[in-house]
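Chemist: Mind folding the following:
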Amino acid sequence: MNKIYYLASCDTCRKIIKSLPKDNNLVFHDIKQNPITEAELEEMYKLSGSYEALFSKKAQLYKSMDLKNKSLTEEDYKKYILEHYTFLSRPVFIIDNQIYIGNTQPVTLQVMKALS
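Modeler: Predicted coordinates for the structure are as follows:
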């Protein structure tokens, strides 16, 4: 099952979603309305190989909690992502057992190619 984990209130996520092919067959998962489960995070971890790769260091909470000055472990990244949706780097696409994390142009182009 192809899926996108996104935040409906995120302008960048909305822009990317708008640009997706119309017949994309994606299951949309708004992480604020429906927080990710540990099982879903485990699936992402297996595909990405790292919780840190899934973690957003751009999150406001990351700055306000002064996490950049702490030495975080993989378990810390996992805990923070499960505690608050803002720590998941977004959007996260899972397409044909491949994971695409974030909103950089190269990632977005890879997603478009995978969906076409």
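
Chemist: quick one: the helices in this protein?
Modeler: 11-19, 38-48, 60-64, 74-83, 105-115 (DSSP state H).

Chemist: Please identify the buried residues of the helix or strand bottoming out on mean pLDDT in the chain?
Modeler: The least trusted helix or strand in the chain, going by mean pLDDT, DSSP states H and E, turns out to be helix 60-64, with a mean of 90. Residues of helix 60-64 classed as buried by neighbour count (16 or more other CB atoms under 10 Å): Tyr62. Glycine gets a C-beta too; all of them are placed from N, C-alpha and C.

Chemist: ok, residues contacting it?
Modeler: Residues from elsewhere that reach helix 60-64 (CB atoms under 8 Å, 6 or more residues apart in numbering): Ser56, Leu67, Lys68, His84, Thr86, Phe87.

Chemist: Retrieve the pLDDT associated with the fourth one.
Modeler: On pLDDT, His84 comes in at 94.

Chemist: From Ala8, how far out is the closest residue to it other than its chain neighbours?
Modeler: Among residues not flanking His84 along the chain, Leu61 sits closest, at 6.2 Å (CB to CB, 6 or more residues apart in numbering). To Ala8, Leu61 is 18 Å away according to CB to CB, to the nearest Å.

Chemist: ok so, going back, and the contacts of helix 60-64, which two are the farthest apart?
Modeler: Largest separation among those by CB to CB: Lys68 and His84, giving 16.2 Å.
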